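Visitor: Dropping the sequence and predicted coords here.
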Amino acid sequence: LSHDLIFPIEYKSYNEVKTELENTELANNYKDKKVDIFGVPYFYTCIIPKSEPDINQNFGGCCMYGGLTFNSSENERDKLITVQVTIDNRQSLG
């Protein structure tokens, strides 16, 4: 999709992270820029929709629930991001 971006991020279980932005205009703001990605990785139906399980895709990465910001090269204090988590229909902050 035109609003999806894939960033090269090396980690022990993947080497790329796919982000799904709201629209093409927002994606173009981050395309080819240095970014910080915050989130929780997921793999199930990350690239291949459940409705099309037979598509042959080779993607050594994951998708991320979360967000991204432009990279700050300054060593500022750690960025804190509050994430709302739902477990067994109960919401909590994590």
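Guide: Good, I have the coordinates.
Visitor: Which residues are in contact with residue 32?
Guide: If you count contacts by Cβ atoms under 8 Å, 6 or more residues apart in numbering, residue 32 has none. C-beta here means a position set from N, CA and C on the backbone, and glycine is covered the same way.
Visitor: which sections of the chain are below the confidence cut-off?
Guide: 1, 43-60, 73-83, 87, 91-94 (pLDDT under 70).
Visitor: For it, just list every one of the helices.
Guide: For the chain, the helices defined by DSSP state H occupy 24-30.
Visitor: ranges for the strands of this protein?
Guide: Here the chain has its strands, by DSSP state E, at 4-11, 14-20, 35-42, 62-70, 84-87, 90-93.
Visitor: For the third one, name the packing helices and strands.
Guide: Yep, that's strand 35-42 we're talking about. Secondary-structure packing of strand 35-42 (3 or more Cβ pairs under 8 Å, 6 or more residues apart in numbering; DSSP states H and E): strand 4-11, strand 14-20, strand 62-70.
Visitor: List the strands paired with the last one, with their directions.
Guide: Going back to what we said before, that points to strand 62-70. Using DSSP bridges, strand 62-70 pairs in its sheet with strand 14-20 (parallel), strand 35-42 (antiparallel).
Visitor: between these, which one is nearest to residue 89?
Guide: strand 35-42 (18.5 Å; Cβ to Cβ).
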